[in-house]
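Chemist: My questions are about this predicted structure, shown below with the sequence.
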Amino acid sequence: MPEDEREELASRLQARKTEIFTEMASRGEIEARPGVSELLDELEDGGVRLAVATTGTRKWVEPLLDRLFGLERFEAVVASDDAPDRKPDPSAHQLTLERLGLEGSAAPGIEDSANGLRAAKAAGLACVVVVNDYTREQDFHDADLVLDGFGRPDAPVSVLADPHRLDPPGRLDVDTLRRLTAGSDSAD
């Protein structure tokens, strides 16, 4: 297929994917991964500033975040509307850091794909990867921690890679994320 046809097809597919995600989000068909709400509550209770850096469109990302977690808890939400280059380009992470007034070393990234990991690392973030069924077999050798889920007390995660020996307590938690960014001025 000629390159111009590929680009046009990719653009149409991306637009259709956005339509589908927008419809699913508005109907409440997308659920949070187990353990995410608990992690966000713990981070918020610990005084950690929360932000989202995504290459999804604001049209579906903000309603989804609002329905699942409450949009007001996120100090910054950077979407493809703000940083149009898709991951592994680091611009979404860089703009998020800029909006928070932080250096990359002060904030860990949590990603679920190899492209997300590369984007976080290129922005100077330590990065935890929480795999999903789609990304489980991708290459995460540069990750600072790789887990098979977020975990909950009744459903602990499996640690797939832990090069810094962070030894999370069966779930991703605020203390593990703070140890990951230890040595910086702030883990928030």
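Modeler: Nice, I can see it.

Chemist: which stretches of the protein have low pLDDT?
Modeler: Counting by pLDDT under 70, the chain contains low-confidence ranges at 183-188.

Chemist: mind giving me the domain ranges of it?
Modeler: The record's domain split for the chain, according to automatic domain parsing, is 1-30, 33-180.

Chemist: So which residues of the protein form helices?
Modeler: In the chain, the segments counted as helices under DSSP state H are 3-26, 36-45, 58-69, 91-100, 114-122, 174-180.

Chemist: could I get those as CSV with mean neighbour count?
Modeler: Yep, even glycine has a C-beta here, placed from its N, CA and C like the rest. Output for those, formatted as CSV (neighbours: other C-beta atoms under 10 Å):
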stretch, mean neighbour count
helix 3-26, 12
helix 36-45, 16
helix 58-69, 18
helix 91-100, 20
helix 114-122, 22
helix 174-180, 19
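
Chemist: List just the one of those helices that sits closest to Q138.
Modeler: Closest approach to Q138 among the helices of the chain is made by helix 114-122 (4.0 Å; C-beta to C-beta).

Chemist: ok now the closest one, how far from the chain's centre?
Modeler: Here the centre of mass of C-alpha atoms in helix 114-122, compared against the chain's by C-alpha atoms, centre = their mean, to the nearest Å, lies 10 Å away.

Chemist: any idea of the angle it forms with helix 91-100?
Modeler: Interaxial angle of helix 114-122 relative to helix 91-100 (axes from the mean of the first three to the mean of the last three C-alpha atoms, to 10 degrees): 40 degrees.

Chemist: one step back: could you dump the helices of the chain to TSV with distance to A155?
Modeler: Compiled in TSV, these are given as follows (distance: least, C-beta to C-beta, whole Å):
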stretch	distance to A155
helix 3-26	24
helix 36-45	11
helix 58-69	18
helix 91-100	29
helix 114-122	23
helix 174-180	17
